[in-house]
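In: I would like to see how this sequence folds:
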Amino acid sequence: MFTKILVVKLGYSETLDPEIAMIPSLGDVLRTTPILWALKEKYPDSRITWLVDRQAEPLLRGNHLIDRILIWDEFVPFQLMKEKFDMLINLEKIPGICALSDIIDAWVKYGFRFDGITGTYHAYERGLDFIDYIEKKKISKSRDCWQKILIQMMGAEWKGQEYMIGYKPKSGKACDIGLNYAVGAKWPNKAMPIEKWHELEKTLTKEGYKVSWQQGVDDLYKYIDWINSCKTLVSNDSLGLHIAFALKKNVIGLFGPTDAKEVYFYGNGKIIRPKIKCKNMPCYKINCTSGQRCMDKINTRDIVNSIKDLAKAKR
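Out: The predicted structure follows:
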């Protein structure tokens, strides 16, 4: 008899951040995929269903560890309320989705539940670490990487499980450095200013690198193809960063308002942070409130040096 598992991860809320929004975070969906390796190792006979938003579905399509993808619409909740599962993993904090999670028939439940007293989210017993993690963001600078927290929450062993994209890119290597400069509308504070990107391009070109600017922003598959065409990706903390890890690319990650400690680099990257004294950094704020705009203070020479160091390490 197989183990029937439902993963609820649409991308509406960052699993381990306090924010909740109705703009899907595709990066948050992608960096949840390492749990699939852990689930299949722990439950080899499992059949996994993944509930996801339509915008994020292309990231999961073709993934051989997912047996069924359900795209969220007005009818799916009624279907799920009549199905039975052995395990439910709800990684969304939207109150209505948490309430649906409580209703779904499953023997074991992980992640977030609905709090009927406060009208918001809380956690099942096998998800209380999530609440601690979210609360610690407000008081602590010491955290573990996101993927590890998810996998250990399920009682599985963290082994550096990788991201998974079902889509197979069509392009080969075409450029040395890709400039992944744009971020989603959800979190503009993550972006290094465009003037800095132009400065970086000028320096890299002078040093003989073939540079390519971000492409395919309106077509997810073309975006993945473009990232696959780059030997090294320079990226803000955004979807492209995680796609590059999934494709095993060299990555230079630019971090200011978010914490690089939460991202596992799989031995393929370097971290660049601004050299400023800001007691709020990382602040996890959508907009800067300190007036320092940390991403404005990143030194592009540090990026160039990190690209060279990464190349030497690979050789």
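
In: in this structure residue 26 contacts residue 57, no?
Out: No - in this structure residue 26 lies outside contact range of residue 57 using CB atoms under 8 Å: 9.9 Å. For the C-beta atoms, the positions are set from N, CA and C on the backbone; glycine is no exception.

In: which one of those two is surrounded by more residues?
Out: Here residue 26 and residue 57 are compared on neighbour count by other CB atoms under 10 Å; more neighbours surround residue 26, at 24 against 20.

In: contacting residues around stretch 215-235?
Out: 26, 58-59, 165, 167, 169-180, 182, 200, 212, 214, 240-241, 243-244, 247, 249-254, 303, 307, 310-311 (CB atoms under 8 Å, 6 or more residues apart in numbering).

In: quick check: buried residues in that stretch?
Out: 215, 220, 223-235 (16 or more other CB atoms under 10 Å).

In: go through those and name the one nearest residue 114.
Out: When those are compared for distance to residue 114 (CB to CB), residue 220 wins out at 31.3 Å.

In: quick check: the closest one vs residue 146, distance?
Out: Residue 220 sits 21 Å away from residue 146, going by CB to CB, to the nearest Å.

In: tell me the first helix or strand C-terminal of the worst-scoring helix or strand of the chain on mean pLDDT.
Out: Least confident helix or strand, the chain: helix 128-136 with a mean of 64, by mean pLDDT, DSSP states H and E. Following helix 128-136 in sequence order, the next helix or strand is helix 146-153 (DSSP states H and E).

In: so which elements touch that next one?
Out: Applying 3 or more CB pairs under 8 Å, 6 or more residues apart in numbering; DSSP states H and E, one finds that helix 146-153 contacts helix 34-42, helix 128-136.

In: now that helix: mean pLDDT?
Out: When pLDDT is averaged over helix 146-153, the result is 87.

In: using PDB, write down the CA coordinates of that helix.
Out: Listed next in PDB are the C-alpha coordinates belonging to helix 146-153 (Å, rounded to 0.1, in the frame of the first residue of the first chain):
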ATOM      1  CA  TRP A 146      15.700  27.200   4.900                       C
ATOM      2  CA  GLN A 147      15.900  23.800   3.200                       C
ATOM      3  CA  LYS A 148      17.400  22.200   6.300                       C
ATOM      4  CA  ILE A 149      14.600  23.500   8.600                       C
ATOM      5  CA  LEU A 150      11.900  22.100   6.200                       C
ATOM      6  CA  ILE A 151      13.500  18.700   5.900                       C
ATOM      7  CA  GLN A 152      14.200  18.300   9.600                       C
ATOM      8  CA  MET A 153      10.700  19.400  10.500                       C
END
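
In: ok, whichever helix or strand comes after it: who's next to it in the sheet?
Out: Sequence order places strand 175-180 as the next helix or strand after helix 146-153, per DSSP H and E. Taking DSSP bridges as the criterion, strand 175-180 forms sheet pairs with strand 211-213 (parallel), strand 230-236 (parallel).
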